[in-house]
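J.: have a look; sequence and predicted model below, questions after that.
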Amino acid sequence: MGRERVTILGSTGSIGVSTLDVLARQSDRFEVHALTAHANVEGLAEQCLEHRPAVAVMVDREAASALRDLLVRAGSATTVLVGEEALVEVASVPEVDVVMAAIVGAAGLLPTLAAAHAGKRLLLANKESLVMSGALLMDAVTRSGAKLLPVDSEHNAIFQCLPAGYICGEPVHPHGAERILLTASGGPFRERPLDRFDDITPDEACAHPNWDMGRKISVDSATMMNKGLEVIEACWLFALEPEAIQVVLHPQSIVHSMVTYADGSVLAQMGNPDMRTPIAHSLAWPGRIASGVAPLDLVKAGRLEFLPPSRERFPCLDLAYRALSAGGTATTILNAANEIAVQAFLDGRIRFPAIARLIDATLTALPVQSADSLDGILAADAEAREYASAWATARASA
Ligand code: NAD
Ligand code: MG
């Protein structure tokens, strides 16, 4: 059998780089078909020279021509394609077996959906696509027979704790599972006095105590919107009601999540906080491959603590539950408002506590529609972005 061909959507990001690290250790089994980036010319050029993909996609036009020049001068055989249509193409062409969906935010939706429709083995890091359009994505997976494997460490842990033969999208209850315990580190501000939240800087918010990640998900972890998005993600992946999911603070990030069973058993998946473990698991499932992750030393870790999350400290968690119970496009609106709010905070236009206020205002202002068409979802996303951007501008530095 030939090697499996892999497309990495978002290869220059944190998950993309970790995926290439695992693939380089497994070059007898996998080859890279396509790498993609938004506008990082040097990063993508370096990856192309090292991993020799057939195709590189650059979304930004100017960056694409700079990449083309650079690769031609270096004698590279990689073809450079440009634009969002090219992302969809490399996610769905017949020669690709595996798609790692690791673009950040709503920009990942269309290529992720395309991989699902094309029946690929879909390694899902881009949680925003499930939050925006869970019904459409899960439906595409079921219809095409795509294999959906969760990369998000918590969902990958839950999947590992479910019985062999379980397929994402099926209800877990017939397998004897009763509840999910979704662990959260609590991020960098778990103990910061609440009266000092106004002064939080973007760099402080991005300095996660345990995980090294892109800036958007780092801010999401600091507000705990990340856990809110993950509750929504878990409801779709495991066909669960929100009541069956309990969020538990676990500052050490060693237990990546747990599943409780009818007989009282609780299964946990543990490991060092290094995304190469869930990436390697999703690449090799149902087998196992080496990932380069250091062995877990539990004696060195010493203590594993579990605490309830504070709703006052992390209002974004309740906003996610509110959108989940409203259903339809409410979670699309939540995601769009959050993306605008996080960017406004990173750009220094609003303060940290205003992230939750902006999302709250957007959810309150906009009507919820049914989420059964892509056009409807894209319209709700655009409307929420417009409302949230205007809110951020009107209250700059509030
Ligand atoms: P990142 O910011 O490090 O990388 C993002 C990638 O997406 C880059 O390659 C960038 O070029 C590309 N990109 C950005 N905007 C784009 C656009 N408009 N069009 C096309 N490509 C674009 O992000 P990350 O931390 O690697 O996270 C990627 C995804 O994985 C996110 O959905 C995140 O929630 C999820 N995730 C990340 C981690 C982690 O540890 N980093 C863990 C779990 C889930
Ligand atoms: Mg996670």
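T.: It's in. Ligands and ions are numbered 1, 2, ... in the order given.

J.: which helix or strand contains the residue lying closest to Met58 once chain neighbours are set aside?
T.: Closest residue to Met58 apart from its sequence neighbours, by Cβ to Cβ, 6 or more residues apart in numbering: Ala64 at 3.8 Å. C-beta: built from backbone N, CA, C; applies to glycine. Using DSSP states H and E, Ala64 maps to helix 61-73.

J.: send the alpha carbons of that helix over as CSV?
T.: Extracted in CSV, the C-alpha atoms of helix 61-73 (Å, rounded to 0.1, in the frame of the first residue of the first chain):
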residue,chain,number,x,y,z
ARG,A,61,-2.6,37.2,-3.4
GLU,A,62,0.6,39.3,-2.9
ALA,A,63,2.0,36.7,-0.4
ALA,A,64,1.3,34.0,-3.0
SER,A,65,3.3,35.7,-5.7
ALA,A,66,6.2,36.3,-3.2
LEU,A,67,6.1,32.6,-2.3
ARG,A,68,6.1,31.6,-5.9
ASP,A,69,9.2,33.7,-6.6
LEU,A,70,11.0,32.4,-3.6
LEU,A,71,10.2,28.7,-4.4
VAL,A,72,11.2,29.1,-8.1
ARG,A,73,14.6,30.6,-7.1
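
J.: and it, average pLDDT?
T.: Averaging pLDDT along helix 61-73 yields 98.

J.: so which elements touch it?
T.: Helix 61-73 sits against helix 41-51, strand 55-58, strand 79-82, with contacts defined as 3 or more Cβ pairs under 8 Å, 6 or more residues apart in numbering; DSSP states H and E.

J.: of these, flag the one that's most buried.
T.: Highest mean neighbour count among the helices and strands packed on helix 61-73 (mean count of other Cβ atoms under 10 Å): strand 55-58, with a mean of 27.

J.: that one pairs with which strands?
T.: Strand 55-58 pairs in its sheet with strand 30-37 (parallel), strand 79-82 (parallel), by DSSP bridges.

J.: mind listing what the residue of the chain found nearest ligand 2 touches?
T.: At 4.2 Å from ligand 2, Asp152 is the closest residue in the chain, using Cβ to the ion. By Cβ atoms under 8 Å, 6 or more residues apart in numbering, the contact set of Asp152 is Leu124, Ala125, Lys127, Glu230, Glu233, Pro278.

J.: could you rerun that using 7 Å?
T.: Ala125, Lys127, Glu230, Glu233 (Cβ atoms under 7 Å, 6 or more residues apart in numbering).

J.: run a quick neighbour tally on the residue of the stretch 151-300 of the chain found nearest ligand 1.
T.: Nearest residue of the stretch 151-300 of the chain to ligand 1: Gly214, at 2.6 Å (Cβ to the nearest ligand atom). Close neighbours of Gly214, defined as other Cβ atoms under 10 Å, add up to 17.

J.: so it makes contact with Gly13?
T.: Yes - Gly214 is in contact with Gly13 according to Cβ atoms under 7 Å; the separation is 5.3 Å.

J.: hmm, back to that, out of the strands paired with strand 55-58, which comes closest to Gln269?
T.: Evaluated with Cβ to Cβ, those place strand 30-37 nearest to Gln269, the distance being 23.2 Å.

J.: Ser133: what's its closest spatial neighbour, skipping adjacent residues?
T.: Spatial nearest neighbour of Ser133, chain neighbours left out: Ile377 (4.8 Å); criterion: Cβ to Cβ, 6+ apart.

J.: buried residues in the helix or strand in which that neighbour is found?
T.: Here Ile377 sits within helix 374-394, counting by DSSP H and E. Neighbour-count burial for helix 374-394, counted by 16 or more other Cβ atoms under 10 Å, picks out 376-378, 380-381, 383-385, 387-389, 391-392.

J.: what sits against whatever residue of the chain ends up closest to ligand 1?
T.: Distance from ligand 1 to each residue of the chain (Cβ to the nearest ligand atom) is smallest for Gly13, at 1.9 Å. Gly13 is in contact with Ala102, Val104, Gly214, counting by Cβ under 7 Å, 6+ apart.

J.: one more time with 10 Å, if that's ok
T.: 19, 37-38, 40, 43, 102-104, 125, 213-214, 216-217 (Cβ atoms under 10 Å, 6 or more residues apart in numbering).

J.: which one of those sits closest to Asp274?
T.: Of all the contacts of Gly13, Asp274 sits closest to Met213, with 11.4 Å by Cβ to Cβ.

J.: mind listing what that closest one touches?
T.: Gly13, Ser14, Ile15, Val104, Cys206, Val219, Asp220, Ser221, Asn226, Met275.
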